[in-house]
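# predicted coordinates and the sequence they were generated for:
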Amino acid sequence: MLKTDLITLLNNSNLNDAQNIRTTNDVYSSSDVAYAFIITTLRAMYPNISDSLLKNSITDGDNDGSLDVIYENRKNKTIDIYDVKKGKKFNYKEIKAFKSDLKEYLFNNRKKIDALSDLVRPKLLKARALLKKYKVNLYIVRGGNLEPEAPVIKLLEDFKAEFHKIDEVVFLNSNRLIDKIINFHNYKSYTWNINIAGKEKILDPENILMKKYGAISSMYGLISLNKIAQLYKDYELKGLDLFNKNIREFQNNKAMSTKIKKTIEKYPNKFYIYHNGLTLSCKKIMFNSRYEFTIEDPQVINGCQTVNTIYEYSENGEKKQHLNKSLILCKFYSLDEENIERVCEATNTQLKISLSDLRSNDEIQKIIEELLKNKSIIYKRKKSYFNRTAVTMDNLAQWIYSCKFEKPAEAKNNKSKLFEVTSPGVYNEIFNLDKLNLNLLEEIIDICIAVKKFRGSITKKDFEKDADLHFMAGLYYLRNKKGTNEIKLKKLHRIIKIVIKNLRKTHGEDYSYNKIFTKDPQTWSMIKNKLTS
């Protein structure tokens, strides 16, 4: 459900652009909905595409020669050609027609293009000229979650074998588009060239540890703090996130930062001895020479606090000299997603790793973040010092468990339980891709806002803070009943007072609010009974 919601939301958000581009392109045979899906596809594939390039790449319309997009990918030196349909199935006849037109109009150059629209013709001519130095990528995109059948795959694989200029044939359904969106949003590739020894004399050759399994999969070496600060600055200038693969964001432990800065100042030449070092994941480690390496897309997965502190220190001009004298041990690993999480858990020893930290890079959390962002709601799936007012993953888990599962006491009592994935795995019940939907998320967040507002309106506060999740569960239970949230919450307030009174009659006047709303599951049952009576 959430994946369908995300595609629908993105398509709807692109409808205005679709209408404007269709009007500008003077296209009548297509539709705004079809154009919106093309725009969604292009923004998923090229997150930083400009509006003008997006508009100029779309060729869908009257007499388009089956070519919906012709995109000149200068970075990769490819011509990316798209066949995009919002339908669910990779239809053999449609794809055969796409192949036939592509063969005649682009590769054979025999078929005259005079009959094609003014929208397609100039782009096709340019693509023909670029074939001398560019390769061609073919993208076949459909709106459902179905996979292409074997005859369709063979059809285009044979086509690829026939024309050596075709570099890739890629089939994209909505699941794969979402994967692009959640993993590469605002993403640009970055290469970091480093010199472990050689001219800088950072490290003697015998102290370099490298492991080779064909390509280099891991490498250790000492790097100057000045280079670490520059890496952070480069990422910031390019609008990239150096800590995207980390399971947490910057925690701003001031005591730890102060300690790091003092070590830089007092013992710059021994910094690497006194510090645990940094752990970085990357896509690839390229061995250029004995001491020179290129790290593709480095990501700090342990040492976020250290890197932020080093960068902050580098902004002080008077003290910057210490960074050139200081070295830090850096460990580079070419890792897949699953192993990144394991390394994060194993290496982050200074601050405790919680179960929720380990779930922060899950697919569903990225999808929720993207969905809520498009609804102008800030969702922090990672623990962060910043954006304290945002909806956190911990918050949302408690709210869903309280409302949808009617477990307010359990949600308050043991937050870590909500992120357990081993059997029975409460986390997989709460965050179920097929059972959650955007309407439910928005509804629960609105309920939370209503409860906070109501609590703030009470002048003489008593049990209200302790009962926050019970208020939410109650308001969710009454969501389809007549009346405003304010009226419903006033009713809940009266009922909860009565329930407290009755529980204290049974357990004694010293029966605390903590026990009533955290330890006692009977509290919710009593509230619910009074709501239904």
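Done, it's in.
# quick check, T4 in a strand?
No. Read with DSSP: H, G, I helix; E, B strand; the rest coil, T4 is helix and lies in no strand.
# pull the contacting residues for K233.
Counting by Cβ atoms under 8 Å, 6 or more residues apart in numbering, K233 makes contact with 311, 314. C-beta coordinates here come from the backbone N, C-alpha and C atoms, glycine included.
# residue ranges of each domain in this structure, please.
According to automatic domain parsing, the chain comprises the domains 2-184, 191-352, 363-532.
# now for the longest strand anywhere in the chain, which elements pack on it?
The single longest strand within the chain, with elements called by DSSP state E, is strand 215-224. Packing partners of strand 215-224 (3 or more Cβ pairs under 8 Å, 6 or more residues apart in numbering; DSSP states H and E): strand 209-213, strand 284-287, strand 292-296, strand 327-334.
# quick one: work out the angle between that strand and strand 292-296.
Orientation check (axes from the mean of the first three to the mean of the last three Cα atoms, to 10 degrees): strand 215-224 against strand 292-296 gives 110 degrees.
# starting at the chain centroid, how far to strand 215-224?
Its chain's C-alpha centre and that of strand 215-224 lie 27 Å apart, by Cα atoms, centre = their mean, to the nearest Å.
# how about that strand: buried residues?
For strand 215-224, burial by neighbour count (16 or more other Cβ atoms under 10 Å) applies to 216, 219-224.
# next: stretch 62-72.
Buried residues in stretch 62-72, counting neighbours by 16+ other Cβ under 10 Å, are found at 64-72.
# now do stretch 478-495
Neighbour counts over stretch 478-495 (16+ other Cβ under 10 Å) mark 478, 485, 488-489, 491-493, 495 as buried.
# now the stretch 51-200 of the chain, which segments are flagged as low pLDDT?
Along the stretch 51-200 of the chain, segments meeting pLDDT under 70 span 109-111, 184-188, 196-200.
# where do the helices sit along it?
Using DSSP state H, counting those that start in this stretch, the helices of the stretch 51-200 of the chain run over 51-57, 92-102, 121-130, 150-162, 174-184.
# would you convert the ones you listed into JSON lines that also reports mean neighbour count?
Listed next are the helices of the stretch 51-200 of the chain as JSON lines, based on neighbours: other Cβ atoms under 10 Å:
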{"stretch": "helix 51-57", "mean neighbour count": "15"}
{"stretch": "helix 92-102", "mean neighbour count": "17"}
{"stretch": "helix 121-130", "mean neighbour count": "16"}
{"stretch": "helix 150-162", "mean neighbour count": "14"}
{"stretch": "helix 174-184", "mean neighbour count": "18"}
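# what pLDDT does I202 get?
For I202, the pLDDT comes out at 41.
# do the same with the one 5 residues further on
Predicted confidence (pLDDT) at N207: the value is 41.
# which intervals of the protein have sub-threshold pLDDT?
Counting by pLDDT under 70, the chain shows low-confidence ranges at 109-111, 184-188, 196-216, 248-253, 290, 317-319, 345-353, 384-389, 423.
# show me where it has strands.
69-73, 78-85, 135-142, 166-172, 191-195, 209-213, 215-224, 278-282, 284-287, 292-296, 299-302, 327-334, 379-380, 391-392.
# D32: which of these is closest?
Of all those, it is strand 78-85 that lies closest to D32, at 14.1 Å by Cβ to Cβ.
# contacts for that closest one?
Residues contacting strand 78-85 (Cβ under 8 Å, 6+ apart): 34, 37-38, 41, 45, 60, 66-73, 91, 94-95, 98, 102, 106, 127, 130-131, 134-143, 167.
# list of residues touching the longest helix seen in the chain?
The single longest helix within the chain, with elements called by DSSP state H, is helix 485-507. Applying Cβ under 8 Å, 6+ apart, the external contacts of helix 485-507 come out as 447, 450-451, 454, 458, 463-464, 467, 470-471, 474-475, 478, 481, 511, 513, 515-516, 520, 522-523, 526-527, 530-531.
# if you set the cut-off to 7 Å instead, what comes out?
For helix 485-507, contacts defined as Cβ atoms under 7 Å, 6 or more residues apart in numbering pick out 450-451, 454, 463, 467, 470-471, 474-475, 478, 511, 516, 523, 526-527, 530-531.
# these in helices, which ones?
Cross-referencing the contacts of helix 485-507 against helices under DSSP H gives 450-451, 454, 470-471, 474-475, 523, 526-527, 530-531.
# can you put these in CSV and add distance to L116 and neighbour count?
Shown next, in CSV, are these (distance: Cβ to Cβ, whole Å; neighbours: other Cβ atoms under 10 Å):
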residue, distance to L116, neighbour count
A450, 57, 18
V451, 60, 24
F454, 63, 20
H470, 66, 27
F471, 63, 26
G474, 63, 29
L475, 59, 23
T523, 71, 22
M526, 73, 17
I527, 68, 22
K530, 71, 17
L531, 66, 16
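# coming back round to it: in JSON lines: the helices of the stretch 51-200 of the chain, plus distance to D241.
JSON lines is the format used below for those (distance: least, Cβ to Cβ, whole Å):
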{"stretch": "helix 51-57", "distance to D241": "23"}
{"stretch": "helix 92-102", "distance to D241": "37"}
{"stretch": "helix 121-130", "distance to D241": "33"}
{"stretch": "helix 150-162", "distance to D241": "35"}
{"stretch": "helix 174-184", "distance to D241": "12"}
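# show me the one of those helices that comes nearest D394.
Using Cβ to Cβ, the nearest of those to D394 is helix 174-184, at 20.1 Å.
# chain center to that closest one, what's the gap?
For helix 174-184, the distance to the chain centre is 9 Å (Cα atoms, centre = their mean).
# give the contact list for the closest residue in space to Y105 that isn't next to it in sequence.
Nearest residue to Y105 in three dimensions, chain neighbours excluded: G65, at 5.0 Å (Cβ to Cβ, 6 or more residues apart in numbering). G65 is in contact with 101, 105, 116, 120, counting by Cβ under 7 Å, 6+ apart.
# kindly recompute the last result at 10 Å.
59, 97-98, 100-102, 104-106, 111, 113, 115-117, 120-121, 124 (Cβ atoms under 10 Å, 6 or more residues apart in numbering).
# quick check: it vs D179, distance?
30 Å (Cβ to Cβ, to the nearest Å).
# what do you get for Y134?
Look at Y134 and D179: by Cβ to Cβ, they are 26 Å apart.
# returning to what we had before: among the buried residues of stretch 62-72, which two are most distant?
Going by Cβ to Cβ, the pair spanning the buried residues of stretch 62-72 furthest: S66 and E72, at 18.8 Å.
# now tabulate the helices and strands packed on strand 215-224 in CSV and tack on distance to M256 and mean neighbour count.
Converted to CSV, these look like this (distance: least, Cβ to Cβ, whole Å; neighbours: other Cβ atoms under 10 Å):
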stretch, distance to M256, mean neighbour count
strand 209-213, 27, 11
strand 284-287, 29, 16
strand 292-296, 26, 17
strand 327-334, 15, 21
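# hmm, back to that, so which of the buried residues of stretch 62-72 is the closest to M1?
Using Cβ to Cβ, D68 is the member of the buried residues of stretch 62-72 that lies nearest M1, at 27.9 Å.
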